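Undergrad: no sequence on this one, just coordinates:
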């Protein structure tokens, strides 16, 4: 099992090192954007779980505020590029 993992590592390291040196600005932005969106996804999951716990303990107005705010923020974050492109056309 160790030799398979080591062999796999030898195959992947040069590709990732070369990918980092050849990347253009668009690829770098795309990689960064996907990483940020992954973080935003997990933050929204946390907000929804916290809202669910608040609902469970009887804090319904706060729970609704968290769920609605989290949903609106998530939609804005996910469509930020589309909104930017739409505003450029105006």
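TA: That came through, no problem. Every value quoted in this text rests on a predicted model; they were computed, and no experiment measured them. Residues are numbered from 1 along each chain as shown.
Undergrad: quick one: the helices in the protein, in order.
TA: 2-22, 25-56, 60-78, 80-89 (DSSP state H).
Undergrad: got those helices as CSV, with mean pLDDT columns?
TA: Formatted as CSV, those follow (pLDDT from 0 to 100):
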stretch, mean pLDDT
helix 2-22, 55
helix 25-56, 91
helix 60-78, 95
helix 80-89, 92
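Undergrad: dump those to JSON lines, plus mean neighbour count.
TA: C-beta coordinates here come from the backbone N, C-alpha and C atoms, glycine included. Converted to JSON lines, these look like this (neighbours: other CB atoms under 10 Å):
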{"stretch": "helix 2-22", "mean neighbour count": "9"}
{"stretch": "helix 25-56", "mean neighbour count": "12"}
{"stretch": "helix 60-78", "mean neighbour count": "14"}
{"stretch": "helix 80-89", "mean neighbour count": "9"}
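Undergrad: and stretch 40-59, how far out from the chain middle?
TA: The chain centroid and the centroid of stretch 40-59 are separated by 17 Å, computed with CA atoms, centre = their mean, to the nearest Å.
Undergrad: ok, residues contacting it?
TA: For stretch 40-59, the external contacting residues (CB atoms under 8 Å, 6 or more residues apart in numbering) are 60, 62, 63, 64, 66, 67, 69, 70, 73, 74, 77, 78.
Undergrad: again, only using 6 Å
TA: Outside stretch 40-59, the residues within contact range by CB atoms under 6 Å, 6 or more residues apart in numbering are 62, 63, 66, 67, 70, 74, 77.
Undergrad: for the second one, give me its contacts.
TA: If you count contacts by CB under 6 Å, 6+ apart, residue 63 has them with 51, 54, 55.
Undergrad: where's it relative to residue 49, distance?
TA: Residue 63 sits 11 Å away from residue 49 when distances are taken as CB to CB, to the nearest Å.
Undergrad: the fourth one too?
TA: Residue 67 is 11 Å from residue 49, where distance means CB to CB.
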